[in-house]
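Q: structure of the sequence below:
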Amino acid sequence: MTRREMLRNCAAGFGNLALVSLLTEQGYATDAIGQPLAPRMPHFAPKAKRIIFLFMFGGPSAHDLFLHKPLLERDHGKPNPIPEPRIVFARTGKLMKSPWKVKQHGQSGAWIGELLPEIASVADDLCFLKGMHGTNPEHGAAALITHTGSNQFVRPCMGSWISYGLGTENQNLPSFITICPNIGGGASQNYSSAFLPTAHHGTPLGTAQMDNVAEAQFAFLDNPKISRSFQRQQLELLQKWQRSQLEQAGPNQSLEGRIKSFELAFRMQTEAPSVLDVSNESQATRKLYGLDDKPTSNFGMRCLLARRFIEQGVRFVQVTHGENNKWDHHENLQRDLPISCREIDKPVAGLIKDLKARGLLDETLVLWGGEFGRTAAVELDLSGDPGRDHNPNGYTMFLAGGGVTPGVSYGQTDEYGYYAVKDKVHIHDLHATILHLMGLDHQKLTYRYQGRDFRLTDVYGNVVHDIIA
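A: Alright, predicted model coming up:
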């Protein structure tokens, strides 16, 4: 070794020590030593430790599910008085009251429609956000901003940010799993880590189009044609080759992420099958989720798997419902909305009841909602079986557990339910609040990329302290 090489190597060593020290001070030493999914300390004491996001793709109609609007009932069939309504596919028609009754439930008096009787039974566990609002009326873009905080650029999604900020509680499972994600409407970008380390990318289980979720498996997890010991040898050989590439070419986040993904896949071969095997669940639990009733069996299995994953330390579980535009009711509202509601009503309520009975709800935040809502007026006219158009200006989501105040309805829309007018919550505010509940400061959870610091909330977002218990 020449004198110059020795000095260069020493300098690199001192530099690495300084870097590790700096990252340790910031709480991020795990990445520096090659453990991106190791548990990390939150910025402050968290209210929640894990999240289940029940995403209803297509835009559920709050008018028919959660809103009591006497003026809309009175003015049914009259011209739409809303100034400059945002029209997406067709001209806005006349006002349309809900074909179903929306009544108050529980001690909290929460307004819930008759299409959701099971969710109504857990009304006092729910925290409604009735002043949600966004800006984009297109499915894909609105879904992107719901998951990533941006509707224009490829950004890391909420699950990836939380994985990056906190790591996993189980090194044998991913920190972020997405169950039956949609192929359209943002597709894989809704669970992408983008420029964050690839270890934080959502791991998909099945697709939204699956008829039998019970048969879902993680792709490429195992090769039944070769023994586990031989797979271990293959992995070690592959790691050796890839690490030699790293030594020659220098740090490579993508390659490091690939190595980690292979290692995780090998470890998952032992633990994942036991989580996916629900044969040990009691008959009472199966009934709770509706597993033996055809309309609810599919989504019920998704919700049950979500509970089983968070029990095993998975930090963020995303569950999608909405294949074939099941919530996108531009027409045939009276025919199709009851179908969508029946599929999710019992499983969602069952999940909340099950988490509560097992003592998991206090530390598990459940989020339910879509990418936007629907208009108070019909699309086109009232003849036949009409529907409602997209409306990002005022819609409803709800949360349960995880440090939010139960039995609260926060925010309001106008008298027709079109615009959010009081205690408005933008998706950036929701993201900031979710991170806060997880013990993360949305302004401090940053990642430097291409010369600037990025965060889930970009330069926006305020924590909604009023809903925090």
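Q: can you give me the helices for the stretch 251-400 of the chain?
A: For the stretch 251-400 of the chain, applying DSSP state H, counting those that start in this stretch gives helices covering 253-276, 283-289, 294-311, 333-357.
Q: adding mean neighbour count, write the ones you listed out as a markdown table.
A: For glycine as for every other residue, the C-beta is placed from the backbone atoms N, C-alpha and C. Listed next are those as a markdown table, based on neighbours: other C-beta atoms under 10 Å:
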| stretch | mean neighbour count |
| --- | --- |
| helix 253-276 | 16 |
| helix 283-289 | 16 |
| helix 294-311 | 22 |
| helix 333-357 | 21 |
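Q: nearest to residue 441, out of those?
A: Of all these, it is helix 294-311 that lies closest to residue 441, at 23.1 Å by C-beta to C-beta.
Q: quick one: the closest one to helix 333-357, angle?
A: Helix 294-311 and helix 333-357 are oriented at 30 degrees to each other (axes from the mean of the first three to the mean of the last three C-alpha atoms, to 10 degrees).
Q: and helix 294-311, what does it pack onto?
A: strand 50-56, strand 176-179, helix 253-276, helix 283-289, strand 316-321, helix 333-357 (3 or more C-beta pairs under 8 Å, 6 or more residues apart in numbering; DSSP states H and E).
Q: so which of those comes closest to residue 397?
A: That would be strand 50-56 among those, by C-beta to C-beta, at 9.3 Å.
Q: what's the helix or strand for the nearest residue to residue 411 once chain neighbours are set aside?
A: Excluding its sequence neighbours, the residue lying closest to residue 411 (C-beta to C-beta, 6 or more residues apart in numbering) is residue 131, at 2.4 Å. For residue 131, the host element (DSSP states H and E) is strand 126-133.
Q: where does pLDDT dip in the stretch 1-150 of the chain?
A: The model of the stretch 1-150 of the chain has pLDDT under 70 over residues 1-34, 84-91.
Q: I'd like the next helix or strand past the strand holding residue 131.
A: Following strand 126-133 toward the C-terminus (DSSP H and E): helix 139-148.
Q: which strands or helices does that next one pack on?
A: Counting by 3+ C-beta pairs under 8 Å, 6+ apart, helix 139-148 packs on strand 50-56, helix 158-166.
Q: OK, contacts around residue 156?
A: 148, 164, 192, 193, 194, 195, 196, 200, 447, 454, 456 (C-beta atoms under 8 Å, 6 or more residues apart in numbering).
Q: try 6 Å this time
A: The contact partners of residue 156, taken as C-beta atoms under 6 Å, 6 or more residues apart in numbering, are 193, 194, 196.
Q: name the SS class of the second one, please.
A: I take that to be residue 194. State at residue 194, reduced to three classes by DSSP: H, G, I helix; E, B strand; the rest coil: coil.
Q: which residue is the nearest non-sequential neighbour of it?
A: Nearest one to residue 194, counting by C-beta to C-beta, 6+ apart, is residue 156 at 4.4 Å.
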